[in-house]
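Chemist: Kindly generate the corresponding structure for this input.
(chains A and B)
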Amino acid sequence: DAGVTQSPTHLIKTRGQHVTLRCSPISGHKSVSWYQQVLGQGPQFIFQYYEKEERGRGNFPDRFSARQFPNYSSELNVNALLLGDSALYLCASRFLPGTGGETQYFGPGTRLLVL
Amino acid sequence: AQKITQTQPGMFVQEKEAVTLDCTYDTSDPSYGLFWYKQPSSGEMIFLIYQGSYDQQNATEGRYSLNFQKARKSANLVISASQLGDSAMYFCAMRENTGRRALTFGSGTRLQVQP
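Modeler: Numbers count the residues shown, from 1 in each chain, chains lettered A, B, ... in the order given. Take a look at the predicted model:
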């Protein structure tokens, strides 16, 4: 079975632009989470979605938004890009949100560079 | 607020030897999960092992074992018989089983296996 897939793999944008990142979860997984990983740090939680509803949000500005579609895929949108938004954006999926020891499985990430 | 601390920015180990990567955590939630992920230079976070806060026995997965000491709030990863392919960043993460149920990551440890 295919793992979590993300597109694009790499992206270069300039300050002020908008970007959309995409994620397809593992087949059968209904929950998707997004994380931002700045170089040299651990990932930081941005959003969790389950059944098309936002179930959690990290400490990120309103420039960050996301949505989940009926097929459980998800998009992360970032408006008015800043240099500090340059990072690896990771998507993770799991079958259900927050049940016991359920593991989140990560995709390969999208590397965003803002110039 | 929950916090993960990894105090070893980098570690070296000889091939075929065992190595311990340290992780301490802080949380006020009585129910939580602890995870270790491996991140090679490609960027993908690879799940290694999980330990639940109520699990009586330490978790093991092949060459990976988790030394869970609840009273000391530590969850160290032990890799036995190190291989060259084990060279990567290793992240300890915690998920509280209430609220957002998001993963909180440490800053990571870079492991280099020497031949």
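
Chemist: Return the residues of chain A in contact with chain B.
Modeler: Contact residues, chain A versus chain B (Cβ under 8 Å from any Cβ of the partner chain): A:33, A:35, A:41-45, A:48, A:55-58, A:88, A:90, A:92, A:97-98, A:100-101, A:103-109, A:111. No exception for glycine: its C-beta is placed from N, CA and C like everyone else's.

Chemist: Quick one: buried ones out of the residues you listed?
Modeler: Buried members of the residues of chain A next to chain B, counted by 16 or more other Cβ atoms under 10 Å in any protein chain shown: A:33, A:35, A:42-45, A:48, A:55-58, A:88, A:90, A:92, A:97-98, A:101, A:103-109, A:111.

Chemist: Quick check: A:T110 touching A:T20?
Modeler: No. The criterion here is Cβ atoms under 8 Å, and A:T110 misses it with A:T20 at 10.1 Å.

Chemist: Which one's more surrounded, those two?
Modeler: Neighbour tally, A:T110 and A:T20, criterion other Cβ atoms under 10 Å in any protein chain shown: the higher count belongs to A:T110, 22 against 12.

Chemist: Name all residues that make contact with the more buried one.
Modeler: A:T110 makes contact with A:6-11, A:21, A:88-89 under the criterion Cβ atoms under 8 Å, 6 or more residues apart in numbering or on different chains.

Chemist: Which single one of the residues you listed is nearest to A:S74?
Modeler: A:L21 (8.9 Å; Cβ to Cβ).

Chemist: What is the burial count for the closest one?
Modeler: 21.

Chemist: what does the one 3 residues further on give?
Modeler: For A:S24, the number of neighbouring residues by other Cβ under 10 Å comes to 21.

Chemist: wouldn't it be in contact with A:S73 here?
Modeler: Yes. Between A:S24 and A:S73 there is a contact under Cβ under 8 Å: 4.7 Å.

Chemist: most distant residue from the middle of chain B?
Modeler: No residue in chain B sits farther from the centre than B:P115, which is 23.3 Å out by Cα atoms, centre = their mean.

Chemist: On the pLDDT front, check that one for me.
Modeler: Predicted confidence (pLDDT) for B:P115: 94.

Chemist: Which helix or strand contains the residue nearest the centre of chain A?
Modeler: Nearest to the geometric centre of chain A sits A:W34, at 2.9 Å (Cα atoms, centre = their mean). Using DSSP states H and E, A:W34 sits within strand A:31-37.
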